[in-house]
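Colleague: Sequence first, predicted coordinates after that:
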Amino acid sequence: MPANGTYLNYHKQFESALFALLAVLTRELMIFVPVAGLLASVSSRDRKRIIIWILPLVCFSIFFMFHYFSVKPELVHTPFNLSAWLRIRQIHSWFRFELFCKRGNAQIPSSFLGSIRCLNASKKSREDFYGLPIAPRIYILYRGWSLERLLGNYLYAIHSHLYAMFFGNLSRYLLFNPKVHSSSEGDVQIKILVTGGAGFIGSYVVDAYLAQGHEVIVLDDLSTGKKENLNPSAKFYEMDIQDENLIDVFEREQPEVVNHHAAQIDVRKSVTDPKFDARANILGTINVLEACVKCKVKKIIFASSGGAVYGEPQYLPVDEVHPKKPISSYGVSKLSGEFYIQAYHDVHGLKFTILRYGNVYGPRQDPLGEAGVIAIFCSQMLEGTPPKIFGTGDQLRDYVYVEDVVEANIIALSGGDNVAVNIGTGIGTSVNELFKNLSSIIGFAQDPIYCPPRPGELDKIFLAPDLARKELGWEPTTDIMKGLVLTMDYFKNRIKVRRD
């Protein structure tokens, strides 16, 4: 045995292996941590594809990790000390590896068998790597390795080179591909099922989700929804939400978010036929919730009614803590839906956002029910028929434009978890004011016809939007006159097309 040779004892072998393991794990984490964050932000469909892509590479990585520990440190026979430096350096959006062999006569202290030093990369290099949050340089020093071990390290460096190039390009794809991210908000593409997506509000929500690059499935029985409202880019199922086969649609499509707009919305019908109202709004909502839980839907966005769940207000504007005492079966069924959603959150962890709408109006609105009073007035006045006003016309309502409502549904995809918020303007407008404003827009000269008030309808209500501003960052942007002009123009064009 050479006089200047020495064997590494078991303790030192363990120390060396420990440092090597720490080095390998550090390098792996620095690649996997940012990529894991990106994978968590994409849709489940894209995540599965990416995992299939990287699985062979991960297996390759595991193979080389085992190779690291397959060769034991050998005897150092001469004063010649061999140190292998594996330097990982970032250049032009990918890692370049350089292997250095140092020769020298000075002995390295046996206690200093390995060390790891991590330095943060410069801001420039961090930006080069497509904005990933972690972009370090790693220096690893080992002593007592054989030439065979160095060859293994060299192969591992080549593998790591390819490994990092792959993840660099993958990161660029995930961060900048317009098919993955929405065009306006930068949100990740998700799969959304919209019930009532052929209706007035639901169809606008579908259009907005599609415009942002999301995949949308529409479910509507077309009882009040219209085929002409359907967006051809959305997949459509004609089905009632009470249908027992609803679960089949959920299992087939596997939506990540459900936007629940399907409902019986006629206040008068809820008073005359409360069983029908309860079946649609309570049992139908339970059926949707059951499907959500069974198919592991992440979140449900529920369209409720701020004009019905509170009842006659004790103060104005009405906020979310106001007592809830609905006076119509419609209000009772909508409030019941809210309670069921909150219960499913408590029991099953289903996230939700409840949007309590004011009186939504705008183009595509069907002249049906009290919520469609603006559509009714526009249609009748354009045909030269004096509209009917039930009661004195002094009833106050909170009229909110449909595009403002749609914006709340967009924000609710990623915000406002597990809260119920009012979606209104905070301003009350009387029916008489509506008639006066619409008359001035088209020059209508006739007087309205006043009729007795209808049962189950509130006298005055408008909603405080403060919580929506706080939780969603939402607030209405369309004033009543602008919205009325846009709505009247829509009905003018529709009548013109019908006549042509």
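Modeller: Structure's in. What do you need?

Colleague: For the residue nearest to residue 409 when sequence neighbours are not counted, grab the count of nearby residues.
Modeller: Excluding its sequence neighbours, the residue lying closest to residue 409 (C-beta to C-beta, 6 or more residues apart in numbering) is residue 205, at 4.8 Å. In this view, the C-beta of every residue, glycine as well, is placed from N, C-alpha and C. Under the neighbour criterion other C-beta atoms under 10 Å, residue 205 is assigned a count of 27.

Colleague: Surely residue 205 touches residue 407?
Modeller: No - in this structure, residue 205 is not within contact of residue 407 by C-beta atoms under 8 Å, at 10.1 Å.

Colleague: one step back: can you classify the residue nearest to residue 409 as helix, strand or coil?
Modeller: helix (DSSP: H, G, I helix; E, B strand; the rest coil).

Colleague: Could you number the chain from 32 rather than 1 from now on?
Modeller: New numbering, starting at 32: the last item is residue 236.

Colleague: residues making contact with stretch 389-396?
Modeller: Outside stretch 389-396, the residues that touch it by C-beta atoms under 8 Å, 6 or more residues apart in numbering are 231-232, 234-235, 260, 337-338, 401-406, 428-434, 436, 453-456, 493-494, 514, 517-518, 521.

Colleague: Ok, stretch 418-427 next?
Modeller: Contacts of stretch 418-427 with the rest of the structure, by C-beta under 8 Å, 6+ apart, involve 407-408, 411-412, 459-463, 466, 479-485, 488-493.

Colleague: and what of stretch 522-530?
Modeller: Outside stretch 522-530, the residues touching it (C-beta under 8 Å, 6+ apart) are 406, 409, 410, 413, 414, 473.

Colleague: how about 10 Å then?
Modeller: 394-396, 398, 405-406, 408-414, 472-473 (C-beta atoms under 10 Å, 6 or more residues apart in numbering).

Colleague: What residues of it count as buried?
Modeller: Of the residues in stretch 522-530, residue 522 count as buried by neighbour count, 16 or more other C-beta atoms under 10 Å.

Colleague: which stretches of the protein have low pLDDT?
Modeller: The chain contains residues with pLDDT under 70 at 32-219, 399-402, 531.

Colleague: let's see it at 90
Modeller: Scanning the chain for pLDDT under 90 picks out the ranges 32-220, 297-300, 302, 397-403, 485-489, 525-531.

Colleague: so what's in contact with residue 236 and residue 438 at the same time?
Modeller: Applying C-beta under 10 Å, 6+ apart, one finds that no residue jointly contacts residue 236 and residue 438.

Colleague: Which of the helices or strands spans residue 378?
Modeller: Using DSSP states H and E, residue 378 maps to helix 360-379.

Colleague: tell me what the helix or strand just after that helix is packed against?
Modeller: Sequence-wise, the next helix or strand downstream of helix 360-379 (DSSP H and E) is strand 382-388. With contacts taken as 3 or more C-beta pairs under 10 Å, 6 or more residues apart in numbering; DSSP states H and E, strand 382-388 sits against strand 288-291, strand 330-336, helix 360-379, helix 433-442, strand 450-454, helix 497-502.

Colleague: Need the contact partners of stretch 464-472.
Modeller: 390, 392, 404-405, 408-409, 411-413, 417-418, 420, 424-425, 427-428, 430, 460-461, 475-479, 511-512, 515-516, 518-520, 523.

Colleague: go again using 8 Å as the cut-off
Modeller: Identification of contacts with stretch 464-472 by C-beta under 8 Å, 6+ apart yields 404-405, 408-409, 412, 418, 420, 424, 430, 475-476, 479, 511-512, 515-516, 519.

Colleague: Narrow those to just the buried residues.
Modeller: Buried among these by 16+ other C-beta under 10 Å: 404-405, 408-409, 412, 418, 420, 430, 475, 479, 511, 515, 519.

Colleague: would CSV of the residues you listed with secondary structure be doable?
Modeller: CSV is the format used below for the buried ones among the contacts of stretch 464-472 (three-state DSSP):
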residue, secondary structure
404, helix
405, helix
408, helix
409, helix
412, helix
418, coil
420, strand
430, strand
475, coil
479, coil
511, helix
515, helix
519, helix
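
Colleague: which one of those residues is nearest residue 372?
Modeller: residue 430 (25.9 Å; C-beta to C-beta).

Colleague: I'd assumed residue 513 was in contact with the closest one.
Modeller: No - checked against C-beta under 8 Å, the pair residue 430 and residue 513 is beyond contact range at 11.7 Å.

Colleague: ok, the residue nearest to residue 440 to residue 447 distance?
Modeller: 15 Å (C-beta to C-beta, to the nearest Å).

Colleague: for residue 298, same thing?
Modeller: Residue 298 is 26 Å from residue 447, by C-beta to C-beta.

Colleague: And for residue 479?
Modeller: On the measure of C-beta to C-beta, residue 479 and residue 447 end up 39 Å apart.

Colleague: The closest residue to residue 229 other than its chain neighbours: neighbouring residues, count only.
Modeller: Nearest residue to residue 229, sequence neighbours excluded (C-beta to C-beta, 6+ apart): residue 256, at 3.0 Å. Neighbourhood size, residue 256 [other C-beta under 10 Å]: 22.

Colleague: My guess is residue 256 contacts residue 226. True?
Modeller: No - using C-beta under 8 Å, residue 256 is not in contact with residue 226; the gap is 10.0 Å.

Colleague: shared neighbours, the two?
Modeller: residue 233.

Colleague: returning to that earlier point: in contact with the residue nearest to residue 229: list those residues for me.
Modeller: 227, 228, 229, 230, 233, 234.

Colleague: To which secondary structure element type does it belong?
Modeller: At residue 256 the chain is in coil, as set by three-state DSSP.
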